[in-house]
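Engineer: Prediction below, plus the sequence it came from.
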Amino acid sequence: MNSPAEESTVVLEPDYTISTFEAFLRLAVWGVLVYGAPDVLSCTSRTDEEPLSELSGLPSWVPDWTRLDNDMPFTRYESCNIPQKEALFVCDDPVIHHGLNLEVPALHIDSIVQVGSRSQFKKTPFGKLWEEGDDEPSKVILRIHKWSDETARAMHDALAWIYDCERLASLTRTEQASPRDGLGKYWRTLTAGMNSKGEAVSEDFDRHFQIYADFLQACINVHDLGGSDLVVPRSRINTVGRVEAALHMWSSKRRFAMTRNGLTALVPNQTQKGDIVVAVANSKVPHVLRPRSDGTYMVVGEAYLENIHDNKLLGGDNKVGSTGNGKYFRLS
């Protein structure tokens, strides 16, 4: 396998005589040929569960379909604005397959220095928590005294997780960090700049995010004081619902992280300090790799990196042609 140009001659047919290991490997090779390495690498995030015995030793660049940690990759959404529809790094050099290894041209653009806690976010079952206002259709009544401890705990956990992400975002920047326009922009990373449908959100979405955080805090305060009715505008419930849907889609199965260049990121759950962030040739989103002792790299999965273009991580030459600072990364 040397070039996606061969895709017209590549046919994937069922073969019930081969092992699961071989089937997954062939599917990945076919996917790289037909769709390109980035799409395949975006499906590689795995759970912490032990692999099936027959899948032991499966290369990290081959999706393990028995233990996917995230079935909603960014690249699934054509309208996704991360941060634009162009590839981060355009390169015509071929992807090379050697047995169980895959070599891809890529740019090393950043490294992970801090990883937040696993997301504690859960959607609030609003349909069960509020009632219509009899006299004011534009408002709803939250019967907080009827809420279960589980509901209150879910709100506590969600708000604590948001505050933890805010804490990470406020850490002192390195000397290499690019200037930012305020710490409040971490909401854009938590939502990957998109709504639940994969459409880019407007710049005033930070106001909606603040409404959501304030709403959680108000509900928690009332519940902790013994609970009572809380009357809120229906529009606020709608706003909270939109923010929750975006967080559930993009953050619930990822972790918030900080990079060496002082940027915020959404990364796979298995990401660790010291992992590197690369722009694989012809990919629209960055990927996280982990250096191995033998010089190869383990694929952790795809990522969202804040303002990747605005922070000059990709030089002009790198975006439009030759490998520039890029090199081949051997994935194992």
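Structural biologist: Perfect, I can see it now.

Engineer: For Gln120, give me its contacts.
Structural biologist: Neighbour list for Gln120: Asp157, Ala158, Ala160, Trp161 [criterion: Cβ atoms under 8 Å, 6 or more residues apart in numbering]. Where C-beta positions appear, they are placed from N, C-alpha and C, glycine not excepted.

Engineer: is it possible to export those to CSV including distance to Glu203 and neighbour count?
Structural biologist: Shown next, in CSV, are the contacts of Gln120 (distance: Cβ to Cβ, whole Å; neighbours: other Cβ atoms under 10 Å):
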residue, distance to Glu203, neighbour count
Asp157, 29, 14
Ala158, 24, 23
Ala160, 27, 13
Trp161, 24, 22
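
Engineer: ok, now how distant is the spatially closest residue to Asp39 that is not a sequence neighbour from Asp48?
Structural biologist: Excluding its sequence neighbours, the residue lying closest to Asp39 (Cβ to Cβ, 6 or more residues apart in numbering) is Thr75, at 5.6 Å. Taking Cβ to Cβ, to the nearest Å as the measure, Thr75 falls 23 Å from Asp48.

Engineer: Show me what counts as buried in stretch 272-281.
Structural biologist: Using 16 or more other Cβ atoms under 10 Å as the test for burial, stretch 272-281 gives Asp275, Ile276, Val277, Val278, Ala279, Val280, Ala281.

Engineer: what's the closest of the residues you listed to Trp61?
Structural biologist: Val280 (10.4 Å; Cβ to Cβ).

Engineer: Can you list phi and psi of the closest one for me?
Structural biologist: When read as degrees, to the nearest 10, the backbone of Val280 gives phi -70, psi 140.

Engineer: Surely it and Val40 touch.
Structural biologist: No: taking contacts as Cβ atoms under 8 Å, Val280 lies outside contact range of Val40: 10.0 Å.

Engineer: Which element, helix or strand, includes the nearest residue to Ala87 once chain neighbours are set aside?
Structural biologist: The shortest distance from Ala87 to any non-neighbouring residue, by Cβ to Cβ, 6+ apart, is to Asn282 (4.8 Å). Assignment of secondary structure by DSSP states H and E places Asn282 within no helix or strand.

Engineer: What is the burial count for Asn282?
Structural biologist: Applying other Cβ atoms under 10 Å, we find 21 other residues in the vicinity of Asn282.

Engineer: Show me the shaky parts of this structure.
Structural biologist: Low-confidence segments of the chain (pLDDT under 70): 1-10, 76-86, 125-136, 172-184, 309-325.

Engineer: Return the set of buried residues in the longest strand that it contains.
Structural biologist: In the chain, assigned by DSSP state E, the strand with the most residues is strand 101-115. Buried residues in strand 101-115, counting neighbours by 16+ other Cβ under 10 Å, are found at Leu102, Glu103, Val104, Pro105, Ala106, Leu107, Ile109, Asp110, Ile112, Val113, Gln114, Val115.

Engineer: hey, what's the nearest residue to the last one once chain neighbours are set aside bridged with?
Structural biologist: Meaning Val115. Leaving aside its sequence neighbours, Val115 sits nearest to Ala257 (Cβ to Cβ, 6+ apart; 4.8 Å). Each beta-bridge partner of Ala257 is listed here, defined by DSSP bridges: Val115, Ala265.
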